[in-house]
Each structure stands twice: as structure tokens, then as C-alpha cells.
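>>> Task: produce atomic coordinates for the following.
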Amino acid sequence: MERDTGSEKFLEEGSAHSEEYSGDAHTHVDLIPEESARELRTLFRQLPYPIRVYLFTEKGKNEVFNRAAREIMKAFRSLSENVFLEEYPLSHEMAKSWNVERSPTILFDPEFCKIRFVGAPAGEEGRAILETLLLLGTRSSELSEQSKKILEKIDSPRNVKVFVSITCPYCPQQAADAVRAAIERPELISVEIIEIMANPDLAQKYNALSVPQTYANELLIVQGAQPEEIFMVSLQKLEAQTYFIPDSEAEQIEADLVIVGGGPAGLTSAIYAARAGLKAVIIEQGSLGGQVTITPVIENYPGFARIGGKALVHMMVSQALNFARIFQDERVLDIEQGSPLIVTTNRRRFLAKAVLLATGATYRQLGVPEEAQFTGKGVSYCATCDGPFFKGKDVLAVGGGDSAVTDALYLHNVGVKVTIVHRRDQFRAQEHLARQIFERKIPVLWNTEVKEIRGKETVREVLLWNNKSNAGRTMRVNGIFISIGYVPTKDLAEKIGVQLTPEGYIEHDSHHRTSLPEIYSAGDVEGGFKQIVTAAGQGAEAAISIYEDLISPYWKAG
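From the prediction side, this is the model:
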């Protein structure tokens with residue numbers, strides 16, 4: 001947003017109508033129309049707590065904004081004897097004790113909370129200040145119960161900066177929501193509302209030239225305004241969120257289909273099931289999106305030339321929420337067969353006609369130092385996802401089975417300089433795959449293990465260990481592709497008696513039916529190609545099969 005060249009004239013005209021502060025709570029101030037002032041005095045009269053406001057200014061610095069802030073706060077002071085206003089220069093010891101460095105700065109009840117306004121709260125921002133005063137007068141955030149539950153999860157400080165302007169109609173609500181969070185959790189959340197016209201240097205520093213923009217702990221978490229609950233989730237997670245999942249206190253919920261797992265298969269199946277007229281719910285004990293959320297960039301999902309994994313997940317979840325309820329951070333403990341099926345979680349139970357197991361699979365890790373730190377920064381578990389980013393660079397492919405050899409061939413074919421690292425002296429992969437490695441002269445380090453991954457922001461080298469000669473050496477590389485297998489999330493399936501394959505995946509037919517009637521599967525827990533598009537397709541297939549089977553149950557066929 002560009003600096004409003006008319007703002008100084010506006011502020012000067014606003015302050016010219018005010019009388020000098022006399023200390024009388026009912027001093028007449030023309031900044032607030034008399035009819036509005038009468039209504040506000042009635043509201044303030046009902047407030048149980050006094051409100052202490054401190055204005056800090058420095059003569060010669062932002063003088064126009066200093067005068068405006070002084071007169072505006074005098075106007076609010078005139079509304080009630082319970083509003084106490086004191087003004088001090090920046091050189092005063094109170095300014096130093098509260099780390100006030102800018103003129104003008106307004107502190108609100110600093111003994112109770114950490115809320116400040118930097119600039120003059122004129123124009124639209126007057127609404128945010130009025131709401132702040134009313135909230136402080138009740139010592140209540142007036143947040144929804146859902147928002148309070150989100151803030152309860154915050155266990156470390158949040159230093160919030162909300163950039164606003166006097167002409168922005170969307171800023172007051174964003175500022176007020178930040179204030180509510182600071183009142184609800186005063187021990188952890190501090191809020192600084194920064195008016196960009198009075199603080200152009202800060203606006204430039206944070207690139208806050210369009211407002212509102214909200215930072216927390218110096219991270220941009222919101223561009224624009226958000227609904228209350230979504231803002232609280234963004235504040236809790238310290239990154240922008242696009243959806244909010246309401247919590248539920250219900251002890252029992254009925255549904256046609258319970259989907260266990262909130263990855264691409266589970267989310268897609270919910271959409272297809274609901275569009276077929278089924279009441280579907282998703283239960284996810286961890287992060288929605290599964291492995292997709294830790295994929296930095298995706299270039300092989302139809303419709304998107306390039307998209308971040310988290311962004312794709314947010315879009316999938318937002319769409320699924322239009323069709324189904326999602327129960328996150330909830331773990332399924334058991335499934336009892338019967339009519340209906342009883343799905344018991346750590347919080348409640350669900351009564352269902354069918355259950356879809358879309359619990360996914362996780363990449364088997366090496367378990368070496370810094371592996372997790374460099375995941376997405378040189379360490380990858382998906383050659384088809386990330387391989388093209390390493391064209392012309394040196395990488396390792398770790399493993400000796402079909403997956404590792406296939407990944408190495410793929411990386412070689414897309415122009416990556418790949419070397420295979422295998423802890424044994426021969427491949428476990430099929431002969432025709434192994435033969436292609438030798439034909440293409442792809443280097444292989446036999447009897448070799450990765451013992452350590454090193455780098456700064458990205459992978460730079462690895463420590464290798466030869467388990468025959470017991471000799472170690474370092475090797476400069478730009479990336480490591482780990483292909484040592486998957487671990488299907490099979491515990492629940494195993495517990496309820498679903499038949500598994502020798503590799504531990506769920507056994508299923510072409511309709512995604514498992515060995516137990518009314519229990520279905522989809523996605524990576526079935527094995528297969530471990531691709532986002534594949535999992536989504538299987539989720540759609542399973543939902544359609546479930547819909548058709550509920551109309552004509554195959555388990556009841558004569």
C-alpha cells in the first residue's frame with residue numbers, strides 16, 4: 001500500500017477539533033459524535049475493571065502523529081472515569097522499562113498484558129482501539145471456545161506484529177483478533193499493532209506495503225484478514241493456514257463411512273463418498289496430508305506445474321471439509337464388527353456402515369545423524385518427486401532392492417550424476433534391473449553404509465563406512481535418495497484381523513475390499529507405486545465401491 005499523502009492533513013484536522021486535556025472524564029471531545037459518546041459511556045460504565053493507558057511521545061519525532069494520538073486517546077479517556085491516560089516522553093524510565101522506542105506508542109494495561117499500538121489510531125484503527133479498551137475493561141478475550149482450545153496448545157512465546165493503516169477497513173478485525181489472543185494468553189502472547197503511515201521504515205523492513213499483514217516471531221503468518229479460528233491456528237502453528245477444523249465434544253457420532261487416515265487417499269474418498277450421498281467422516285491421528293506435507297515441491301500432480309506439498313494439502317483439506325467432518329489428533333483404538341461397525345478412538349466412538357483404512361505407509365529411514373534435519377534439503381525418499389531438481393548434480397541412491405535400483409535408473413535418465421550405495425556385495429533387485437545398472441555404467445559402492453549426513457542449509461557431504469575393510473571416508477554430494485523400503489501403517493488392520501501380504505501391506509481385491517466384510521483399504525497401505533495421484537485415485541475407487549456395496553451388499557449375496 002502506498003503512503004497516503006493526505007494523511008497528515010486528515011490527522012491535523014482531526015486534532016484541531018479537540019480541546020486541551022483537563023483530566024475530567026467527561027471533557028467534550030468532538031472526535032466522537034455526541035450520540036455515539038452517550039452510548040459508549042453507558043458501555044464503559046458497565047466495565048468492572050479500570051483501564052490504564054500510557055502514551056509515549058518524543059517532541060520533534062512524528063509530531064503530527066503524536067498530536068493525533070494524544071487527542072484520540074483523550075477522546076476515549078473522556079468516555080469513562082475508569083479509563084486512565086498518562087503521557088510520558090521516550091526518555092522517561094517507564095519507556096525504557098517497557099522497551100518503548102517509537103513515537104507515538106500507546107501501551108494498554110502493561111501490568112496485565114502486552115498490547116501496544118505504534119502510531120496514531122485514527123480512521124479505521126479507532127475501531128480496534130475501542131474494542132481493545134472494552135475487552136480490557138472486562139479482562140475477557142470474548143474468543144470462541146474453539147479459538148481458546150487452539151490457544152491452549154501454544155507452549156512457547158508468540159511475539160505478534162500486525163501491520164495496519166488508517167484507511168484499511170479489514171485491519172481492525174485482524175488487529176482485534178490479535179488483541180484477543182494476547183488477553184487470553186497474556187503470559188505467552190504479546191501484540192504490537194503498527195500503523196504503516198507513521199512507521200514507513202518498519203513497513204519497508206517487513207515488506208508490509210499492503211495491509212493487514214501479521215508476523216509472529218518474525219515469521220509472516222497471515223497476508224490479509226482471516227476468520228478468527230483460522231488466525232488462531234496460524235498463530236499456533238506459526239505459518240499461514242487456510243482451513244479450520246472444529247472440535248467436537250460428542251461422545252458418539254453416526255456415519256455411513258468412517259475413513260481412517262487423512263492423506264490423499266482418505267481425503268479424496270471423503271469427497272467421492274459425500275458426492276454419492278454418503279455421510280463420511282475422516283479420523284487422522286497425525287498431520288493431514290501424510291507424506292505430502294514434507295514434500296517441498298511437487299511437479300507431477302496433474303493441474304499444477306509446480307506446487308508446494310503443504311499448499312496442495314491445504315487445498316485438498318479445504319475441499320474435503322466442504323463434504324465431510326474431519327477429526328484430527330484422534331487415534332483409532334479398535335473396530336468392532338457388527339451392524340453397525342463400532343469404531344472406538346481415544347476420544348469417542350463412531351457407528352458406521354463401512355470403514356475405509358487409508359492409514360498410509362512411511363519411508364524406512366537410515367536412522368543416521370541429521371537425516372531428519374536435511375529431509376527436503378537434500379535428503380529425499382522419492383526420486384520421481386525430487387529427482388529433476390538435481391539434474392547435473394552428484395547424488396547417492398541408497399539401497400539394493402528393486403526400489404533403489406529403479407530410482408537410480410530414473411535419476412540417471414533425467415541427467416543426475418548418481419552413485420549407488422549398498423551395504424551388501426550384490427543387489428537384491430531383479431536381475432534385469434541390476435543388469436541395466438551395469439550397462440549404463442552407474443557407479444556402485446558395495447559393502448558401504450551411510451553413517452552421517454553433513455551440511456549447512458543443504459546437504460554437502462556424507463560419511464561413508466565400508467563394512468568389509470572397516471574404513472571410512474567422506475564424499476561430496478548434493479543429495480541422498482534413500483530407497484530402503486516402506487513401513488506400512490498396519491497396526492490397526494492387524495489388530496482387527498485383516499489379512500496382510502507377506503510384505504505387511506493390506507491384502508485387497510480390485511474393489512479395495514479386504515478380507516473382512518465392510519472393511520476397505522486404499523492408498524499406500526495397500527502397497528504399489530506410492531504416488532500422490534495413485535493414492536487419490538485409489539481413494540476415489542474405494543469410495544465408489546463402498547457406495548455400490550452399501551446399496552447391494554456383496555457379503556449378503558446368496
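>>> contacts, neighbours, all on C-alpha from now
OK.
>>> Tell me, how many residues neighbour S552?
11 (other Cα atoms under 10 Å).
>>> Equivalent analysis for T138, please.
Neighbours of T138 (other Cα under 10 Å): 16.
>>> Quick check: it vs P50, distance?
Using Cα to Cα, to the nearest Å, T138 is found at 9 Å from P50.
>>> H412 versus the closest residue to V416 other than its chain neighbours, what's the distance?
Setting aside the residues directly before and after it, V416 is nearest to K391 in space (Cα to Cα, 6 or more residues apart in numbering), at 4.5 Å. The gap separating K391 from H412 is 9 Å, by Cα to Cα.
>>> now swap in Y88 and tell me
Distance of Y88 to H412, given as Cα to Cα: 69 Å.
>>> And K391 and H412? Which one has more around it.
H412 (20 against 16).
>>> What residues sit buried inside whichever strand or helix holds that one?
Using DSSP states H and E, H412 sits in helix 402-413. Residues D402, S403, A404, V405, T406, D407, A408, L409, Y410, L411, H412 are the ones in helix 402-413 that count as buried (16 or more other Cα atoms under 10 Å).
>>> hang on, the second one packs against G485?
Yes: the pair S403 and G485 qualifies as a contact (Cα atoms under 8 Å) at a distance of 7.4 Å.
>>> Show me the domain layout of this structure.
7-237, 253-362+514-556, 379-484 (automatic domain parsing).
>>> Can you lay out those domains as JSON lines showing mean pLDDT and distance to E370?
Below are the domains of the chain laid out as JSON lines (pLDDT from 0 to 100; distance: least, Cα to Cα, whole Å):
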{"stretch": "domain 7-237", "mean pLDDT": "87", "distance to E370": "23"}
{"stretch": "domain 253-362+514-556", "mean pLDDT": "93", "distance to E370": "16"}
{"stretch": "domain 379-484", "mean pLDDT": "93", "distance to E370": "6"}
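>>> Nearest to L500 among these would be which one?
L500 lies closest to domain 253-362+514-556 among the domains of the chain, at 8.9 Å (Cα to Cα).
>>> Next, the distance between the ends of that closest one.
25 Å.
>>> so V418, which of the three states?
Each residue gets one of three states, and V418 gets strand by DSSP: H, G, I helix; E, B strand; the rest coil.
>>> That one: what's it in contact with?
Taking Cα atoms under 8 Å, 6 or more residues apart in numbering, we find V418 in contact with D394, V395, L396, A397, A408, L411, H412, I442, P443.
>>> Can you report how many residues lie near the nearest residue to it once chain neighbours are set aside?
In space, V418 comes closest to V395 once its chain neighbours are excluded; the distance is 5.0 Å by Cα to Cα, 6+ apart. Neighbour count of V395, defined by other Cα under 10 Å: 27.
>>> Quick check: beta-bridge partners of V395?
V418, G479 (DSSP bridges).
>>> again, but for I342
E336, L351.
>>> Looks like it contacts R349 (just checking).
Yes: applying Cα under 8 Å as the test, I342 and R349 come out as touching, 6.7 Å apart.
>>> Quick one: residues contacting I189.
Counting by Cα under 8 Å, 6+ apart, I189 touches K114, P157, R158, N159, V160, A181, A182.
>>> quick one, strands of the stretch 251-400 of the chain?
Listed in chain order, the strands of the stretch 251-400 of the chain (DSSP state E, counting those that start in this stretch) span 252-260, 280-284, 325-328, 332-336, 341-345, 349-357, 361-363, 379-380, 394-398.
>>> re earlier: got a list of what the residue nearest to V416 touches?
K391 neighbours (Cα under 8 Å, 6+ apart): V414, G415, V416, K417.
>>> And the helices in the stretch 201-350 of the chain?
In the stretch 201-350 of the chain, the segments counted as helices under DSSP state H, counting those that start in this stretch are 228-237, 264-275, 309-321.
>>> ok, now the stretch 51-200 of the chain?
63-77, 93-97, 125-138, 145-152, 171-184, 200-205.
>>> hang on, the earlier thing: tell me which of the helices of the stretch 201-350 of the chain is the most buried.
helix 264-275 (a mean of 27; mean count of other Cα atoms under 10 Å).
>>> now the angle from it to strand 252-260?
In terms of direction (axes from the mean of the first three to the mean of the last three Cα atoms, to 10 degrees), helix 264-275 departs from strand 252-260 by 130 degrees.
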